[in-house]
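J.: Okay, structure incoming, though there's no sequence with it:
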Ligand SMILES: [Zn+2]
């Protein structure tokens, strides 16, 4: 029901304002015909932002979730402003892009680290979570502290010799024939076709519905903390990003 416009390309992840029409008004929420707001999922937090309505009033978007094929934008505002959100009205959506861009950098950093850990230690990522200014990787085995300097070296090379990040939409049958080396353990649901693949040039190709930066140098410097053991011989790696990478201008 809602067209997820941010999925189309890496450029689409950089759209910060857009126009769309209200299609439904479930309690406390707004459903649009299309959106660039990311709904929480796959370890990436939801976007925040606001809607401008034709009367000139503004409504806050405080959370974004999926319900079937619809995206629910949870809204907060004065009763008058909320009354302006009638079905059929055109709104202008404005993303909190500073927050979104942090998530884009964290998400590409997570793919990068998962791929390098798999290449160097043959350990896959079970689960990843991004939020605030850090990300965590839950790994299927224990990473020996010895590979941390190697990972740090990989990360600094990605910054100094930028690699492009591309999005490809691959027919499912084609993906299943050549599923490329997976650094993650999460299974691809049977209904997903085509498969949206995020490629970090020469490093990784991974199915994902998240938002990513265009090039590895936008990630900035990655700092990795010592692994923390988890049950069953697994471990958790936490990473943070330096803050000097400026949000790109609109
Ligand atoms: Zn992802």
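T.: Sure thing, it's come through. Quantities reported herein were computed from a predicted structural model and do not represent experimental measurements.

J.: hey, let's count contacts and neighbours off CA atoms from now on
T.: OK.

J.: Tell me which other helices or strands the helix ranked longest in the chain touches.
T.: Across the chain, the longest stretch assigned as helix under DSSP state H is helix 97-121. On a contact count with 3 or more CA pairs under 8 Å, 6 or more residues apart in numbering; DSSP states H and E, helix 97-121 meets strand 125-131, strand 134-139, helix 148-160, strand 204-207.

J.: now the angle between helix 148-160 and it, please.
T.: For helix 97-121 against helix 148-160, the angle by axes from the mean of the first three to the mean of the last three CA atoms, to 10 degrees is 130 degrees.

J.: now helix 97-121, how far from the chain's geometric center?
T.: Its chain's average C-alpha position is 9 Å from that of helix 97-121, according to CA atoms, centre = their mean, to the nearest Å.

J.: Touching that helix from outside, list them.
T.: Outside of helix 97-121, the residues within contact range by CA atoms under 8 Å, 6 or more residues apart in numbering are 16, 44-45, 47-48, 123-125, 128, 130-135, 137, 143, 147, 151, 154-155, 182-184, 200, 203-204, 206, 210-213, 216, 218-220, 222, 241, 247.

J.: rerun at 7 Å
T.: Outside helix 97-121, the residues within contact range by CA atoms under 7 Å, 6 or more residues apart in numbering are 16, 44, 47, 123-125, 130-131, 135, 151, 183, 203-204, 211-213, 218-219, 247.

J.: Stretch 53-66 too?
T.: By CA under 7 Å, 6+ apart, stretch 53-66 touches 38-40, 46-52, 71-77, 81-82, 84, 91-92.

J.: ok, now stretch 26-33?
T.: For stretch 26-33, contacts defined as CA under 7 Å, 6+ apart pick out 1-3, 20-25, 70-75.

J.: same thing with stretch 128-142?
T.: Stretch 128-142 is contacted from outside by 43-45, 103, 106-107, 123-127, 229, 233-241, using CA under 7 Å, 6+ apart.
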